[in-house]
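Asks: Below are the sequence and a predicted model for it; my questions follow.
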Amino acid sequence: MNPKLQAYKLDGEAWSKKMIARGTRDKQWDLVVEKIGPEIYRFPLFTEEFCNLTIEHAEKEGEWTTARHEFYPTTDILLEDLKLKDMYDYVLHQYCHPIARHIWGLEGTLWKRATSEDFIARYRDTDQSALDIHHDHADYTFTVGLNTDFKGGGTWFPRQQILANPKAGYCTLFPSVTHRHGGRPTTEGTRYIIVSFVKKEME
């Protein structure tokens with residue numbers, strides 16, 4: 001495990017200055033969040049250092065699987081299996097969930113205790129390059145681009161006619177039930193993203 005990815009435990013503020021993008025780090029939601037389509041939002045989340053460290057860690061320490069999702073399987077690794085779940089929960093609860101609550105006016109403790117399934121997905125032209133159109137089994141979804149050194153790819157929303165293909169470190173947020181989407185083919189290179197299926201706590 002690269003200690004830089006876990007240093008938030010020692011000093012969250014210092015870690016965030018290195019790993020979280022300016023603006024989002026300062027929680028200036030209305031300054032950094034942009035609407036790119038009907039109920040589809042994008043904001044800067046991670047620095048280049050975080051993205052590079054995470055890809056390196058996944059390829060070095062992880063075991064890619066294609067059998068976790070029955071109907072729309074991705075080539076992926078759970079962050080829990082990479083020992084990155086606690087770190088990512090810290091990021092989600094400090095920065096990402098507050099943005100979703102701010103945009104949609106989500107109130108109450110059930111939303112504040114939202115949980116998520118988080119994983120790194122890999123699309124490359126030599127094996128799984130795309131993913132069919134589907135709904136996520138969640139209330140809302142975050143997808144974070146980790147790199148840009150590939151061609152093609154991106155998350156395509158057919159009803160909204162929007163292609164979300166965030167550059168490295170940028171996060172896309174959308175409601176899961178109303179926004180069917182799929183992964184367009186990566187035609188050259190490898191595309192890495194972190195995906196979070198978010199559900200509010202059940203009563």
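Replies: Looks like it arrived, so ask away. Residues are numbered from 1 along each chain as shown.
Asks: elements contacting the biggest helix by length in the chain?
Replies: Counting residues, the longest helix found in the chain (DSSP state H) is helix 48-61. If contacts are counted by 3 or more C-beta pairs under 8 Å, 6 or more residues apart in numbering; DSSP states H and E, helix 48-61 sits against helix 3-6, helix 12-19, strand 115-124, strand 186-199. The C-beta positions use only the backbone N, C-alpha and C, and glycine is treated the same way.
Asks: Among the ones you listed, which comes closest to Q160?
Replies: For those, the distance to Q160 is smallest for strand 186-199, at 18.4 Å, taking C-beta to C-beta.
Asks: What is the closest one packed up against?
Replies: helix 48-61, strand 115-124, strand 140-145, strand 150-152.
Asks: swap the cut-off to 7 Å and go again
Replies: Applying 3 or more C-beta pairs under 7 Å, 6 or more residues apart in numbering; DSSP states H and E, one finds that strand 186-199 contacts strand 115-124, strand 140-145, strand 150-152.
Asks: Just name the most buried of those.
Replies: strand 140-145 (a mean of 25; mean count of other C-beta atoms under 10 Å).
Asks: Sheet partners, orientation included, of that one?
Replies: strand 170-175 (antiparallel), strand 186-199 (antiparallel) (DSSP bridges).
Asks: Rounded mean pLDDT for that strand, please.
Replies: Across strand 140-145, the average pLDDT comes to 98.
Asks: tell me which residues of the helix or strand bottoming out on mean pLDDT in the chain are tucked away?
Replies: Least confident helix or strand of the chain, by mean pLDDT, DSSP states H and E, is helix 3-6 with a mean of 90. Across helix 3-6, burial judged by 16 or more other C-beta atoms under 10 Å covers L5.
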